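Novice: my questions are about this predicted structure, shown below with the sequence.
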Amino acid sequence: MILRRIDAISEVAAAEYTAKALVVTNLGYASRELYSLSDHPNTFYMLGSMGLASSIGLGLALMQKRRQTIVIDGDGSVLMNLGTLASIGNYAPRNFHLIIVDNHAHGSTGNQKGLTSRKTDLVKTAIGAGVKYVSRVRTRKELRTLLKKRRLPTVLVADCVPFNSPVPVVPISARQIKRRFMQNIANSG
């Protein structure tokens with residue numbers, strides 16, 4: 001069965017350790033879909049700043065070492081900030097996991113074909129940047145199996161089809177998202 005972004009996000013949201021992890025989502029449909037599936041104060045929804053979810057998540061993982069940090073990012077956003085893969089490869093915190101939803105398109109702006117629909121391979125790019133534990137999944141079953149393992153890969157590329165779920169925008173303001181996220185970190189420390 002083909003994998004859609006919402007399927008991948010649903011599997012991540014349902015994973016046992018996600019409820020306690022710090023979660024950062026890419027802007028646009030990734031944030032909207034995660035919010036519609038499972039809203040938690042431990043989730044930082046990007047409402048702007050394309051390309052920065054992985055950098056924000058890496059910083060969180062480095063500073064909050066006792067908590068797992070999961071970033072759900074898109075292929076276009078990762079390509080916009082390729083330097084983050086080099087930082088991830090070099091710092092390699094064990095509590096950091098970047099899940100790239102690679103739908104080979106710019107999903108939030110109309111599913112225009114992206115560079116991963118051509119020659120660019122994000123698995124090879126991550127390996128070339130020094131990331132040691134990289135994996136690719138193409139089905140929901142493969143993703144679910146991987147999420148049940150004791151440790152997620154540092155970078156996981158989930159090959160998906162371009163599809164936008166009919167979900168509303170995140171109804172909380174950026175200020176509210178930041179405030180409750182920071183409060184969640186403070187309360188767990």
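Specialist: Received the coordinates, thanks. Numbers count the residues shown, from 1 in each chain.
Novice: residues in contact with the residue lying closest to Arg136 once chain neighbours are set aside?
Specialist: Distances taken as CB to CB, 6 or more residues apart in numbering put Val157 closest to Arg136, at 4.6 Å, once the chain neighbours are dropped. Any C-beta I mention is one placed from the backbone N, CA and C, and that applies to glycine too. Residues in contact with Val157, defined by CB atoms under 8 Å, 6 or more residues apart in numbering, are 100, 102, 122-123, 126, 134-137.
Novice: if we go to 6 Å?
Specialist: By CB atoms under 6 Å, 6 or more residues apart in numbering, the contact set of Val157 is 100, 102, 122-123, 136.
Novice: could you do Ile100 as well?
Specialist: So Ile100 contacts 73, 78, 122, 157 (CB under 6 Å, 6+ apart).
Novice: quick check: mean pLDDT of whichever strand or helix holds it?
Specialist: Following DSSP states H and E, one finds Ile100 within strand 96-102. For strand 96-102, the mean pLDDT works out to 94.
Novice: what's next to whichever helix or strand comes after it, contact-wise?
Specialist: Counting by DSSP H and E, the next helix or strand C-terminal to strand 96-102 is strand 105-106. Strand 105-106 is contacted from outside by 76, 111-114, 162, using CB under 6 Å, 6+ apart.
Novice: so which of these are in strands?
Specialist: Among the contacts of strand 105-106, the members falling in strands (DSSP state E) are 112-113.
Novice: which among the contacts of strand 105-106 gets closest to Asn95?
Specialist: Nearest to Asn95 among the contacts of strand 105-106: Gly76, at 25.8 Å, using CB to CB.
Novice: related to what we said a few turns ago, for the host helix or strand of the residue nearest to Arg136, which strands pair with it and how are they oriented?
Specialist: Assessed by DSSP H and E, Val157 sits inside strand 155-159. Here strand 155-159 is paired, per DSSP bridges, with strand 96-102 (parallel), strand 134-137 (parallel).
Novice: and the gap between Ile172 and Ser188?
Specialist: Ile172 sits 20 Å away from Ser188, going by CB to CB, to the nearest Å.
Novice: still on that earlier bit, between the contacts of strand 105-106, which is nearest Ser10?
Specialist: Pro162 (17.1 Å).
Novice: if I look at the closest one, how far off is His106?
Specialist: With CB to CB as the criterion, Pro162 and His106 are 9 Å apart.
Novice: next one: Phe181
Specialist: Distance, Phe181 to His106, by CB to CB: 26 Å.
Novice: which parts of this protein are helices?
Specialist: 5-14, 29-37, 53-63, 75-80, 83-91, 122-128, 140-147, 174-188 (DSSP state H).
Novice: okay, buried residues for the fifth one please.
Specialist: Going by neighbour count (16 or more other CB atoms under 10 Å), the buried part of helix 83-91 is 84-85, 87-89.
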